[in-house]
Structure formats: structure tokens, C-alpha cells
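Chemist: Just need the structure, nothing else, for what follows:
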Amino acid sequence: MQKILVVFVCVLVAAGIMPHAAVQAQAESYNRYNDGIIAVEYPNTWQASPFGDFLNRGVVIAPASIPIDFAGGEPNILESTPLTQAIMGDSPIFVVWLTPLGEVEGTPREVMEEMFAQYNVLRTEKAGPLNLPNANGVEAIGTMDINGTLIGAHGAVLMGQGRFIFAIGLATQSAFEENRAVLANMIASLELVDTAHLPTPLPVNVPSDVEFSMLNGSGFAMLQPSAWQPEAIETFDGSLTLFCTPPAEPTQPYNRDLAAIDGFLATGIWSELPSAELVGCVVARTVAGVITVPIALLDTDGNPAQTVLQRVLTSGVVTKIEQTRLVNVNGHVGAEMLAVVSGISPVETAPYGLYSVVVEHEGWLVIFAASSPLADFAANEPIFRTMAYSLTPQNLPDYTAYSAGSGMILSYGAEIDRVLVADTPDEWQFYGAAGDLVGIAVTSTEFDAVLELTDVGGNYLADNDDYTDSNPYIMYTLPADGYYIIRVSAYSMGTGGNYHISLQVPEVIVN
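Modeler: Numbering: from 1, shown residues only. From the prediction side, this is the model:
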């Protein structure tokens with residue numbers, strides 16, 4: 001919480017005061033800042049400079065006479081002399097900052113009240129609810145005494161799209177009065193993704209001798225170099241398709257189960273997967289791939305596409321971040337990353353270039369990732385971008401019913417230990433195909449466990465109490481492709497404790 005508050009108030013710290021001409025309140029026309037997540041209108045005589053990463057991101061907007069340029073990283077506003085000089089010299093500053101809900105405690109009103117208490121707010125002339133597209137919260141106009149200087153502020157704290165949104169306009173009291181209408185218009189124009197316009201498509205300079213053809217994969221379509229050799233791999237209800245530039249050496253088979261895919265996306269470290277299946281395709285060659293995965297299988301803090309790439313950035317394999325931004329992926333907002341990585345396979349320590357784009361679509365993530373040895377990466381990057389920007393999600397299964405559930409995730413082969421809270425059943429969810437013979441087992445020495453199997457609609461399929469002693473077991477042939485719920489409860493009221501659950505690897509029933 002302290003970090004969030006500092007971002008907005010530290011610009012008020014008096015350091016090296018220099019006068020600036022006050023900006024007039026009436027703007028003849030407005031520009032529109034839009035990075036695919038944040039959209040806001042601002043006077044055409046002002047400038048915007050974004051900062052931050054995928055999860056914690058923002059933009060500083062100030063008159064064009066103020067030298068602000070925070071591209072490539074988050075600014076330390078506390079030490080940004082031009083900003084403090086601007087405010088104390090009668091020039092207004094407008095800041096927007098977004099952060100995941102989990103990083104801030106409390107409601108928007110509680111957060112606003114905490115800010116009032118922490119900083120010297122002398123007078124509040126307006127405080128009330130604020131409803132914007134995809135975000136709701138509170139706004140306030142007040143006056144603060146910062147080192148003897150009266151500062152006017154128009155701020156808002158909102159929640160929406162899995163994020164906390166902070167926006168504030170600041171200026172000395174005289175300059176604030178002159179720019180009151182402009183700052184109010186900027187706050188009122190704030191929009192978040194789903195209502196913001198798509199980023200402008202970016203040009204790609206592809207060598208003229210590279211020809212492309214359309215590839216239709218499971219869950220997506222995409223351009224690929226005609227000379228590249230695709231290898232399709234089906235995984236649970238998603239797909240992974242790899243492309244290796246010729247000459248391609250023989251690759252190991254790719255048979256990934258749900259647990260391995262989920263583990264890869266959760267850690268962002270490729271070497272977490274069995275090395276034998278990666279070395280043949282990754283080491284000393286160029287490779288690109290697409291994977292589709294249901295968002296409900298991932299813990300994404302409400303920002304699925306950005307969270308997946310953020311995990312890669314913080315996984316330990318990234319040695320240099322070249323670029324993170326939002327891009328237009330064939331009509332979808334995509335989170336794009338360009339980085340240098342090392343240690344992407346257990347036997348290869350040389351640096352690689354890594355390019356990735358993640359698109360969210362109807363409850364799914366469609367992830368494009370490509371890498372090549374660093375020496376070859378500059379030549380391959382425009383090819384990677386052409387492939388990624390043509391990516392089109394299509395024919396993805398309906399995931400609405402499953403993603404609406406609140407249960408924990410199981411995959412075939414899972415073995416998990418957990419504590420059952422008394423009088424509070426646990427629900428586990430898994431995906432299965434028609435004909436799969438599943439074995440579900442629960443063991444506990446602390447309570448008499450009961451098992452029940454239903455479909456996602458809650459329709460009864462099977463149950464068991466005492467298969468062996470007080471431990472239940474269900475063996476059941478799934479009737480259709482889809483998602484299923486396993487309920488674990490205690491036979492006696494007021495009991496619970498440690499238990500072990502397993503979902504056995506299925507066998508296909510052959511008629």
C-alpha cells in the first residue's frame with residue numbers, strides 16, 4: 001500500500017523549485033492516450049509517458065514543456081526533479097497507476113481515507129462515488145499542505161477488471177484552479193480494456209524472400225513461413241504446435257499432460273519440464289510454438305495475459321528485458337515481451353532471444369512463444385512478429401461452465417495433500433474425455449471421508465463412502481468430453497483434517 005501512495009504523493013515533495021508558466025484551463029482539443037489497458041484523453045499541448053510493467057503500469061501526463069520520458073521502466077517519481085519543479089512552479093501533473101487487486105487491501109473508499117489520513121489534507125470540497133466504464137470507486141477534490149505550499153488535488157480510486165486504478169491531478173492551488181476543468185475531464189475520460197480502443201497495428205519489416213502460408217491449428221490460425229516444418233501436438237483440451245527452421249534434427253516426442261503444461265505456465269521456467277522432451281527442439285535452433293490453455297486453470301490475479309508473461313520475466317531465466325507492451329494482434333489486445341534468456345534447457349547455457357505474445361479470448365489464453373540463439377535472433381524477430389500478429393483464436397471449446405466454478409484444479413496423475421476444514425466440503429475440478437476410466441481415491445487417518453462425482457451442472461454421477469476401511473474410492477467411465485467436479489466431505493458433522501487425494505491416469509474403454 002505504501003508504494004502505491006508514494007507514487008501519487010511523492011511528486012509533491014519540494015526539491016529544486018523552479019518556476020514554470022501556468023497551463024491555461026481550456027484546451028482547444030484533446031489527444032487520446034491508449035496502451036490497450038489504460039485509455040485517457042488529455043490536452044493536445046500536453047505529453048504522455050508510460051511506465052511500469054504488465055501488472056503494475058501507469059502513465060504520467062504533463063504539459064509538453066516538462067521534460068518527462070519514462071519509456072522502458074518505472075520512474076522513481078520521488079527523485080524526479082522535473083516533476084516536482086513542474087508542480088511547485090504552477091504546472092499541473094496527471095498520473096494514472098494500475099496494480100492487481102491483491103497488492104492493495106481495502107475498498108476504494110477505505111484506500112482514499114487512508115491517503116487522506118497519511119497526508120496532510122486540509123480541506124475536502126468534494127468526495128463521492130465515481131462510476132466509469134468497467135471501473136467503480138470514489139473521487140475527491142481537496143487541498144494539501146506540502147512543506148508550506150498549498151497543493152490542489154483531484155484524485156480517484158477505483159476497482160475494475162481485476163485491478164486497482166489510481167488517478168490524480170496535482171498543481172499548486174492557483175494553477176489547480178486554472179486547470180480544474182481539464183483535470184476533471186481527464187479523470188472522467190478514463191477507460192480500461194474492453195472499452196478502450198485497440199492499439200494501432202505495428203509495421204513489420206519481413207525479408208522479401210520469406211514466403212508465408214496459413215496454418216490452422218487446434219484453437220488458432222496463424223501465418224507461418226512456408227519452408228518451416230510444423231509438428232502438431234495435442235494436449236488435453238489445448239494444443240501446442242512447434243516449428244523448427246530447416247534443417248531440422250529429429251525431435252523427441254511431445255506428450256504433455258495437464259500438470260506439466262500448468263507447471264510450465266505457473267513458473268515460466270522451461271527447464272522445469274522433463275529435459276529429454278525439450279533439448280531436441282530448443283538447443284541450437286530456432287523454434288516457435290503456440291499453446292492454448294483455459295484461464296481458469298491458472299492463478300492470474302485478474303490479468304491473465306500480462307500475468308503469464310510477468311511470471312516469465314521474474315522466473316530467473318530472463319537476463320535482460322528488451323521490451324514489454326500491449327500490441328494489436330489481428331484485432332485482439334496482446335501482451336508482448338522481448339527478452340534475453342539463459343538456461344532455457346538443462347544442457348544449453350548460451351543466451352537466447354525470446355519473443356512472446358499472449359492473447360486472451362473467451363476464457364482462454366492463446367500463447368505464442370519463439371526463441372533462437374542470440375546471434376540469429378535479429379534476423380528471426382520480424383518473422384516471429386509476423387507470425388504472432390497474424391494469430392487468430394478460433395474453434396475453442398466453450399469454457400463458460402467450467403470457468404464459472406470455484407473449485408481447485410486436478411489433472412490426471414495428480415497426488416495432492418490437503419486439509420479439510422470441518423463442515424466445509426472441498427471441490428476439485430478436472431477435464432476428461434468420453435470413455436476415460438478414472439479412479440478417484442481419498443485417504444485419511446483423521447476423519448471418515450465421503451466422495452461424490454458430478455458434472456459441472458451439479459448432476460449426480462457417482463459416490464462412495466467406505467471402499468477400504470473409512471477411505472472412499474470411485475471408479476467411473478466418463479460419458480462425454482467436458483469438466484467434472486469431485487466433492488470431498490466428512491461423514492460426521494464437525495470433523496475434518498488432513499487427507500490425500502489422487503486422480504488416477506485414465507484408461508480408454510475399448511468396446
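
Chemist: Any idea which helix or strand in the protein has the lowest mean pLDDT?
Modeler: Across the helices and strands of the chain, mean confidence by mean pLDDT, DSSP states H and E is lowest for helix 276-282: a mean of 38.

Chemist: going on from that one, what's the next piece of helix or strand?
Modeler: Note on helix 276-282: by DSSP states H and E, the next helix or strand toward the C-terminus is strand 287-294.

Chemist: Work out the sheet partners of that next one and label each with its direction, please.
Modeler: strand 238-244 (antiparallel), strand 364-373 (antiparallel) (DSSP bridges).

Chemist: contacting residues around residue 123?
Modeler: 142-143 (C-beta atoms under 8 Å, 6 or more residues apart in numbering). Where you see a C-beta, it was placed from the backbone N, CA and C, and this is true even at glycine.

Chemist: tell me which element it is part of?
Modeler: Per DSSP H and E: residue 123 is located in strand 121-132.

Chemist: Strand partners (parallel or antiparallel) of the next helix or strand after that strand?
Modeler: Under the assignment DSSP H and E, the closest C-terminal helix or strand after strand 121-132 is strand 135-146. Next to strand 135-146 in the sheet, as set by DSSP bridges, lie strand 121-132 (antiparallel), strand 149-160 (antiparallel).

Chemist: Give the buried residues for the last one.
Modeler: By neighbour count with 16 or more other C-beta atoms under 10 Å, strand 149-160 contains the buried residues 151-160.

Chemist: Now the helix or strand that it is followed by - C-alpha only, PDB.
Modeler: Sequence-wise, the next helix or strand downstream of strand 149-160 (DSSP H and E) is strand 163-172. Output of strand 163-172 as PDB, limited to C-alpha atoms (Å, rounded to 0.1, in the frame of the first residue of the first chain):
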ATOM      1  CA  ARG A 163      -7.200  -4.100 -10.900                       C
ATOM      2  CA  PHE A 164      -7.000  -1.100  -8.500                       C
ATOM      3  CA  ILE A 165      -6.900   2.100 -10.500                       C
ATOM      4  CA  PHE A 166      -5.400   5.300  -9.100                       C
ATOM      5  CA  ALA A 167      -5.700   8.700 -10.900                       C
ATOM      6  CA  ILE A 168      -4.700  12.100  -9.600                       C
ATOM      7  CA  GLY A 169      -4.200  15.600 -10.900                       C
ATOM      8  CA  LEU A 170      -1.900  17.900  -8.900                       C
ATOM      9  CA  ALA A 171      -0.900  21.500  -9.000                       C
ATOM     10  CA  THR A 172      -0.300  24.500  -6.700                       C
END
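
Chemist: Tell me the buried residues in strand 163-172?
Modeler: Neighbour counts using 16+ other C-beta under 10 Å place 163-172 of strand 163-172 among the buried residues.

Chemist: Now tabulate these in CSV and tack on distance to residue 181 and pLDDT.
Modeler: Putting the buried residues of strand 163-172 into CSV (distance: C-beta to C-beta, whole Å; pLDDT from 0 to 100) gives the following:
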residue, distance to residue 181, pLDDT
163, 27, 79
164, 26, 86
165, 21, 90
166, 21, 91
167, 16, 92
168, 16, 90
169, 11, 90
170, 15, 87
171, 13, 87
172, 17, 88
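
Chemist: Now tabulate those residues in JSON lines and tack on distance to residue 30.
Modeler: Output for the buried residues of strand 163-172, formatted as JSON lines (distance: C-beta to C-beta, whole Å):
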{"residue": "163", "distance to residue 30": "24"}
{"residue": "164", "distance to residue 30": "25"}
{"residue": "165", "distance to residue 30": "20"}
{"residue": "166", "distance to residue 30": "21"}
{"residue": "167", "distance to residue 30": "16"}
{"residue": "168", "distance to residue 30": "19"}
{"residue": "169", "distance to residue 30": "14"}
{"residue": "170", "distance to residue 30": "19"}
{"residue": "171", "distance to residue 30": "18"}
{"residue": "172", "distance to residue 30": "23"}
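
Chemist: Widest-spaced pair of the residues you listed?
Modeler: Greatest spatial distance among the buried residues of strand 163-172 (C-beta to C-beta): 163 and 172, at 30.4 Å.

Chemist: ok, back up a step: quick one: closest of the strands paired with strand 135-146 to residue 456.
Modeler: So among the strands paired with strand 135-146, strand 149-160 is nearest, using C-beta to C-beta, at 27.5 Å.

Chemist: avg pLDDT for that closest one?
Modeler: Strand 149-160 comes out with an average pLDDT of 88.

Chemist: Please work out how many residues are found near the closest residue to residue 326 other than its chain neighbours.
Modeler: Using C-beta to C-beta, 6 or more residues apart in numbering and skipping residues adjacent in sequence, the residue nearest residue 326 is residue 36, 3.1 Å away. Using other C-beta atoms under 10 Å, residue 36 has 21 neighbouring residues.
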